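> what follows is a predicted protein model with its sequence.
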Amino acid sequence: MATQFRDFSSCITIIMPAILFNDIAAFNELSTFIESRAQSSYGGDVVDALFRHVHKIKEKNVRKQKLLGSGAFCNVFEARDKNQHADRTYAIKCVKPLVRSNKKELTTAVTDLAIEAALLANIQHGNIISLYGVQEGDMHTLMKTGEFFIALEC
């Protein structure tokens, strides 16, 4: 029987343990929930609420450096903050430009990125990379355009 979610925090509370134990059905449910919110007119509010307590990073303050890696939907770059913490290095994970032109791939990419950020924001473990922050801005617009990025501790 499928779980019905009222908001994202109940979604994370119920599903995070299942995802951590590799429950594909639970992961698919979470993906469907985020995807439906990302495509709706009020989806940004849900995602904004999800990242309410997460550090926000202005895109204009990010100085991308070398490409660290690439996956099916995203690229990962070494980055530094142009203003504060100039000596701080972190990784920026963002949707590949080619993915942005395919609506289905874009939806999958931003959904996966949002799930990754949500999980990392709620997990602290020595063997798991930590979330440094997410891109500042209107989440609904960022997710629809694929300009959404997450920053990971190095």
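Arrived safely. This one's a predicted model, so the numbers in the text were calculated from it and none came from an experiment.
> ranges for the strands of the protein?
Along the chain, counting by DSSP state E, strands occupy 56-57, 62-70, 74-81, 89-95, 131-135, 149-153.
> for this protein, what's the longest helix?
helix 103-121 (DSSP state H).
> tell me the buried residues in it?
Neighbour-count burial for helix 103-121 flags 105-121 (criterion: 16 or more other CB atoms under 10 Å). In this view, the C-beta of every residue, glycine as well, is placed from N, C-alpha and C.
> try stretch 136-150
137, 139-140, 142-144, 146, 148-150.
> cool, and stretch 68-83?
73-77, 79-81.
> give me the helix or strand of the protein that scores worst on average pLDDT.
Ranking every helix and strand in the chain by mean pLDDT, DSSP states H and E puts helix 8-20 at the bottom, with a mean of 53.
> how many other residues sit next to Y132?
Using other CB atoms under 10 Å, Y132 is surrounded by 21 other residues.
> show me what contacts the spatially closest residue to it that is not a sequence neighbour?
Distances taken as CB to CB, 6 or more residues apart in numbering place A151 nearest to Y132, at 4.0 Å, with adjacent residues excluded. The contact partners of A151, taken as CB atoms under 8 Å, 6 or more residues apart in numbering, are 55, 57, 62, 79, 90-93, 131-134.
> again with S130
120, 124, 152-153.
> F148 now?
F148 touches 94-95, 110, 113-114, 134-135, 139, 142, counting by CB under 8 Å, 6+ apart.
> with L152 instead?
L152 neighbours (CB under 8 Å, 6+ apart): 76, 90-93, 120, 129-132.
> do I92 as well
62, 64, 76-79, 149-152.
> repeat that for I128.
L120.
> show me where this protein dips below the pLDDT cut-off.
1-31, 33-50, 84-86, 139-140 (pLDDT under 70).
> and the end-to-end length of stretch 55-64?
18 Å (CA to CA, to the nearest Å).
> before we move on, back to that, list only buried entries from the contacts of A151.
By 16+ other CB under 10 Å, the contacts of A151 give 57, 62, 79, 90-93, 131-134 as buried.
> turn these into TSV, including distance to L68.
As requested, those are exported to TSV (distance: CB to CB, whole Å):
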residue	distance to L68
I57	17
V62	14
A79	10
Y90	11
A91	6
I92	9
K93	9
L131	16
Y132	14
G133	17
V134	18
